[in-house]
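1. what shape does this take:
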Amino acid sequence: MAKSSPIPDTLGYRAILGAIVPSTNTVVQPEYEGMRVPGVTNHVMRMELPTRPYDDMKKYREALDTEEGNLAEAVRLLVNCEPDVIAHGHSIHSFRGNIDRAQADQDRLAQLAGVPFMTPSVSVVRGLEAMGFKRIAVLTPYWPPADELIRSFFVDSGFDVVSQVGLKCQGPTNVARTSLDTIRKAFLELDHPDAEAFVHVGTNLPVSAITEDIEKASGKPLIGVNVATYWNALRSIGIQDRKEGYGRLFAEF
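-> The predicted structure is shown next:
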């Protein structure tokens, strides 16, 4: 999408970063704000998604198949602020099939938006590729049907999932209420001697700010979904700033 003027945005003089999050999500926006670098501003649009009932696994699984929601409408509205790139702050929709399918979907959304569009699944894979890891341990806030989807995505994309923990959070808003102590304990449970790196999927699980703590405690890197997506969005438009406090991916790559 062409800019309406060659004059840069006064605050976002390097980039305007758009983000699309579920209407229930309260984690992506503050975590993205924490990761901002000078001259970049974040602008968030919300979208509505079908209900994913945690007390009915059949309906839960069915919801996973129809979870795009009103994403296209959110894109249409967000591009009015003329972003340079859009980060998609919703995990599960992008973790279907394998990386080839995910890349094709990301390309479709970029074409719809008229600017680079970064999805969580592609961003996590790009982070793993940048760091050179194949054997992973995966933490999610999900229930078994979604965890199966995540595992299949990584396996079909050439990764070895040596350990996986799903926290079985009771509804999307409760994901954001997961205590940091619970998250730390989950990573301890998740750890496996064969794992080269941790992966976190689920954008409403507040992991980003403790990424460095997890890495120091375990001695293993953590590629979290929100950090990876924000990192990938910046890198896609040529912004190479490194950021301390959010793990090795953002600090070193």
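
2. quick one: what helix or strand has residue 177 in it?
-> Under the criterion DSSP states H and E, no helix or strand holds residue 177.

3. now do the helix or strand of the chain with the lowest mean pLDDT: everything it contacts.
-> Lowest by mean pLDDT, DSSP states H and E among the helices and strands of the chain is helix 57-64, with a mean of 81. Residues from elsewhere that reach helix 57-64 (C-beta atoms under 8 Å, 6 or more residues apart in numbering): 50, 51, 52, 53, 54, 92, 143, 144, 145, 146, 149. Bear in mind the C-beta positions are built from the backbone N, C-alpha and C, glycine included.

4. could you confirm the first one falls within a strand?
-> This points to residue 50. No. Counting by DSSP: H, G, I helix; E, B strand; the rest coil, residue 50 is not part of a strand but coil.

5. picking that back up, which is the next helix or strand following the least confident helix or strand of the chain?
-> helix 71-78.

6. show me what that following helix is packed up against.
-> Contact partners of helix 71-78 among helices and strands, from 3 or more C-beta pairs under 8 Å, 6 or more residues apart in numbering; DSSP states H and E: strand 15-22, strand 40-47, strand 85-88, helix 99-113.

7. how about the CA coordinates for the least confident helix or strand of the chain, as CSV?
-> What follows is helix 57-64, C-alpha atoms only, in CSV (Å, rounded to 0.1, in the frame of the first residue of the first chain):
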residue,chain,number,x,y,z
MET,A,57,-13.5,-31.1,22.9
LYS,A,58,-15.6,-31.9,19.8
LYS,A,59,-16.7,-28.3,19.4
TYR,A,60,-13.3,-27.1,20.4
ARG,A,61,-11.7,-29.1,17.5
GLU,A,62,-14.4,-27.8,15.1
ALA,A,63,-13.6,-24.2,16.1
LEU,A,64,-10.0,-24.8,15.2
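
8. start the count at 35 instead of 1 going forward.
-> Understood, numbering begins at 35; the last thing we discussed is helix 91-98.

9. just give me how far that helix sits from the chain centre.
-> 21 Å (C-alpha atoms, centre = their mean, to the nearest Å).

10. pLDDT score for residue 143?
-> Confidence at residue 143, expressed as pLDDT, is 97.

11. ok, now which ones touch the closest residue to it other than its chain neighbours?
-> Closest residue to residue 143 apart from its sequence neighbours, by C-beta to C-beta, 6 or more residues apart in numbering: residue 151 at 4.2 Å. Applying C-beta under 8 Å, 6+ apart to residue 151 gives the contacts 109, 119, 120, 122, 140, 143, 144.
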